[in-house]
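S.K.: what would the 3D arrangement of this be:
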Amino acid sequence: MSAENLGRKARVRKLIGRIKSDKMDKTVVVEVMRYKMDPVYKKYIKERCRYKAHDETNEYKTGDRVEIIEHRPLSKEKRWKVSRLIERPALAG
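M.R.: Numbering: from 1, shown residues only. Model (predicted):
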């Protein structure tokens, strides 16, 4: 470890997205939407990425808006962990 890295902590990546699937045990699929400028037309286009995130207690449901943080690999595709709930959708009824 070099001298300049001793007092420094690695920055944890955080993303905010909406849960698209909660059908797996202890795993949710989170869809993160970003807006990216098109290089030719100079218009912003939606870009979506889907991440599998760890949900230990199966408390988050489809439609919830959550924050995920980067984590060590937990399985072949799971490298994220749900850190907190931001909002729940209003119940239709």
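S.K.: three-state assignment of the residue most central in space within the chain?
M.R.: By C-alpha atoms, centre = their mean, the mean C-alpha position of the chain lies nearest to I68, the distance being 3.9 Å. Here I68 is recorded as strand under DSSP: H, G, I helix; E, B strand; the rest coil.
S.K.: list the beta-bridge partners for it.
M.R.: L15, V82 (DSSP bridges).
S.K.: what sits against it?
M.R.: 14-17, 30, 51, 53, 80-83 (C-beta atoms under 8 Å, 6 or more residues apart in numbering). Heads up, the C-betas are built off the backbone N, CA and C, glycines and all.
S.K.: can you give me the helices in the protein?
M.R.: Taking DSSP state H as the test, none of the chain falls into helices.
S.K.: pLDDT below threshold where in it?
M.R.: Under the criterion pLDDT under 70, the flagged ranges of the chain are 1-7, 92-93.
S.K.: which residues in it form strands?
M.R.: Using DSSP state E, the strands of the chain run over 14-21, 27-37, 44-54, 65-70, 78-87.
S.K.: pull the last one out as PDB, backbone CA atoms only.
M.R.: Same thing as strand 78-87. Output of strand 78-87 as PDB, limited to C-alpha atoms (Å, rounded to 0.1, in the frame of the first residue of the first chain):
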ATOM      1  CA  LYS A  78     -25.000  -9.800  -7.700                       C
ATOM      2  CA  ARG A  79     -22.500  -7.000  -6.900                       C
ATOM      3  CA  TRP A  80     -24.900  -4.500  -5.200                       C
ATOM      4  CA  LYS A  81     -26.800  -4.300  -1.900                       C
ATOM      5  CA  VAL A  82     -30.000  -2.400  -1.200                       C
ATOM      6  CA  SER A  83     -29.100   0.200   1.400                       C
ATOM      7  CA  ARG A  84     -32.400   2.100   2.000                       C
ATOM      8  CA  LEU A  85     -35.900   2.700   0.800                       C
ATOM      9  CA  ILE A  86     -36.600   6.200  -0.700                       C
ATOM     10  CA  GLU A  87     -40.300   5.900  -1.500                       C
END
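S.K.: buried stuff in it?
M.R.: 78-80, 82 (16 or more other C-beta atoms under 10 Å).
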